[in-house]
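K.L.:
predicted model follows, preceded by the sequence.
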Amino acid sequence: MTEECEQHKEIECETEIVEILKLGWLLVDNDRLSLRKTPPVYNSLSEFIGAIVEFFEGNIPSDLNALFEALGDAINPRVNDRNSTFSVGGGLLHKSLHKSLHKSLHKSLHKSLHKSVYSAGATGLTTRGIDWPTIEVPWRELDRLFNLREEFGWDCFPPDVLPPPPAVQVRLDEAITLIDLQNALREPNQEYRRERIRIEASNDLTAFMLPLGADVATPGGQTAVMFQTILWLGSLIGLLYKERFNAPRPHILNSKLEPFIPVPAFSSYPSNHAFQSFLIAEVFTRAVPEHPGGEALFFAAQEVAENREHAGLHIPSDTKGGQLLARLCAPMFEIILEDQIRDVRAEWLGEDYFS
């Protein structure tokens, strides 16, 4: 190879490197360097869904395919009225949405009803004899969430607002504390906690509805719908930060840990169950401060979060991170759920309350 050819190949290589670097920015985290991609921009939900189709290389999972067919040509609104673009900030939400539109939809909210959620008469999820109302994809609330991205910065809270996971040694020490919880969970008197862990794995609403007094006689339909929406949107936000921080699960930190239930594929920090549970408590107590069950609802959220620690899926700092993220997002959710909050207040305070 001539010297001229070698120089030409070096120039081509350098050009390719430059082009790659133009597509992102360099993130420096202590002694770790990583390249973050720039956020893709979509002009409509149709274009966004097209990206999902491309992601699956045409082999669309049946769950998503049924959804797309049901929506058909009706999906073509502008996602961001301010600039007519849908920019997934931080560069990480794009991949998170790919995962969550399939995994979160299927796992977090509709695991028990994936056969009926897209059909026109899907009415509820049966859990221990209680049929809680369920929802389809909350497109309107998703639109509001992304329109509030710049105002609230929910996709890129700075480290002084939402700290990253503790240092590795701290997390290793935390993982050790789970061994005692693991051993205690195996005791015969822990059957109730074991059952709760199994039920809560699918984000069942029972833990949040019963403290409010909702039961078979008073199912609290509007409240259940709002809670389902919070779970849906919260899953997207939580997955974004999980991917950003990429913290290993406790059983990776300590091989003596044997998780009680299957470990989700996502990373550990922050705990999404803690985030979603405390977000439900935060939003409801803001929406209906007159309700006497607010304190019990926060207690229930703490119990759900701690059950994930007993199950070996999270360490305490994961739980604290999820709780903090819930407090940060709660004011924004008051705006996103404005219509639902009105219905929830009427449900608990009576139809004549606003007359």
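P.N.:
Alright, I've got the coordinates. The structure displayed is predicted, hence computed values, not measured ones.
K.L.:
run through this protein and note the low-pLDDT ranges.
P.N.:
1-130, 216-219, 351-355 (pLDDT under 70).
K.L.:
ok, 50 please
P.N.:
Scanning the chain for pLDDT under 50 picks out the ranges 39, 63, 70-129, 355.
K.L.:
strands of that one, residue ranges please.
P.N.:
Secondary structure of the chain by DSSP state E: the strands cover 24-29, 32-37, 41-42, 86-87, 124-127, 130-133.
K.L.:
quick check: Pro133 vs Asp339, distance?
P.N.:
For Pro133, the distance to Asp339 equals 16 Å [CB to CB, to the nearest Å]. In short, each C-beta sits where N, CA and C put it, glycine included.
K.L.:
how far away is the nearest residue in space to Ser277 that is not next to it in sequence from His273?
P.N.:
Nearest non-adjacent residue to Ser277, counting by CB to CB, 6 or more residues apart in numbering: Ala301, 3.8 Å away. Distance, Ala301 to His273, using CB to CB: 9 Å.
K.L.:
again with Met332
P.N.:
From Met332 over to His273 (counting by CB to CB), the distance is 20 Å.
K.L.:
on that earlier part again, contacting residues for the residue nearest to Ser277?
P.N.:
Phe208, Ala274, Ser277, Phe278, Ile280, Ala281 (CB atoms under 8 Å, 6 or more residues apart in numbering).
K.L.:
ok, of the residues you listed, which one's closest to Leu313?
P.N.:
Nearest to Leu313 among those is Ala274, at 10.6 Å by CB to CB.
K.L.:
gap between the closest one and Thr206?
P.N.:
As judged by CB to CB, Ala274 and Thr206 stand 17 Å apart.
K.L.:
who's more crowded, these two?
P.N.:
Between Ala274 and Thr206, counting by other CB atoms under 10 Å, Ala274 is the more crowded of the two (28 against 18).
K.L.:
that one reaches Ile315, doesn't it?
P.N.:
No. Using CB atoms under 8 Å as the test, Ala274 is too far from Ile315 to be in contact (11.2 Å).
K.L.:
count the neighbours of Ser268 for me.
P.N.:
28.
K.L.:
circling back: Met332 and His273: who's more crowded?
P.N.:
Neighbours per residue, other CB under 10 Å: of Met332 and His273, the larger number sits with His273, 28 against 20.
K.L.:
how about that one, what does it touch?
P.N.:
His273 is in contact with Glu200, Asn203, Val304, Ala305, Arg308, His314, Gly322, counting by CB under 8 Å, 6+ apart.
K.L.:
biggest separation within the residues you listed, which pair?
P.N.:
Between all members of the contacts of His273, the farthest pair (by CB to CB) comes out as Asn203 and His314, at 14.7 Å.
K.L.:
quick one: the residue nearest to Ser277 from Ile315, how far?
P.N.:
18 Å.
K.L.:
repeat for Glu191
P.N.:
Distance from Glu191 to Ile315, by CB to CB: 24 Å.
K.L.:
what's the neighbour count on the closest residue to Arg327 other than its chain neighbours?
P.N.:
Closest residue to Arg327 apart from its sequence neighbours, by CB to CB, 6+ apart: Glu282 at 6.4 Å. By other CB under 10 Å, the residues close to Glu282 number 24.
K.L.:
before we move on, what about Ser271?
P.N.:
Count around Ser271 with other CB under 10 Å applied: 28.
K.L.:
then the one 10 residues further on?
P.N.:
Neighbouring residues of Ala281 were enumerated by other CB under 10 Å; the total is 26.
K.L.:
hang on, it packs against Ala296?
P.N.:
No. Assessed by CB under 8 Å, Ala281 is found out of contact with Ala296, at 9.4 Å.
K.L.:
next up, the contacts around the closest residue to Met226 other than its chain neighbours.
P.N.:
Once flanking residues are discounted, Met226 sits nearest to Gln340: 4.4 Å by CB to CB, 6+ apart. Residues in contact with Gln340 (CB under 8 Å, 6+ apart) are Gln222, Val225, Met226, Thr229.
K.L.:
which ones are touching Arg144?
P.N.:
Residues near Arg144 by CB under 8 Å, 6+ apart: Ile335, Ile336.
K.L.:
let's see 6 Å
P.N.:
Ile336 (CB atoms under 6 Å, 6 or more residues apart in numbering).
K.L.:
burial count for the closest residue to Gly238 other than its chain neighbours?
P.N.:
Leaving aside its chain neighbours, Gly238 sits nearest to Asn272 (3.8 Å; criterion: CB to CB, 6+ apart). By other CB under 10 Å, the residues close to Asn272 number 28.
K.L.:
Asn272 against Leu236, yeah?
P.N.:
No. If you go by CB atoms under 6 Å, Asn272 and Leu236 don't touch, sitting 10.0 Å apart.
K.L.:
how about the contacts made by Ala300?
P.N.:
Ala207, Phe208, Pro211.
K.L.:
no, scratch that, I was asking about Leu162
P.N.:
Leu162 neighbours (CB under 6 Å, 6+ apart): none.
K.L.:
distance of it from Glu295?
P.N.:
25 Å.
K.L.:
now the residue lying closest to Arg249 once chain neighbours are set aside, what are its backbone angles?
P.N.:
Excluding the flanking residues, the one nearest Arg249 by CB to CB, 6+ apart is Ser268, at 4.7 Å. Torsion angles at Ser268 (phi, psi; degrees, to the nearest 10) stand at phi -90, psi -40.
K.L.:
quick one, what contacts Ser268?
P.N.:
Contact analysis of Ser268 by CB under 6 Å, 6+ apart lists Ala247, Arg249, Asp318.
K.L.:
about what we covered before: quick one, which of Glu191 and Ile315 is more surrounded?
P.N.:
The neighbour comparison of Glu191 against Ile315 (other CB under 10 Å) goes to Ile315, with 31 against 10.
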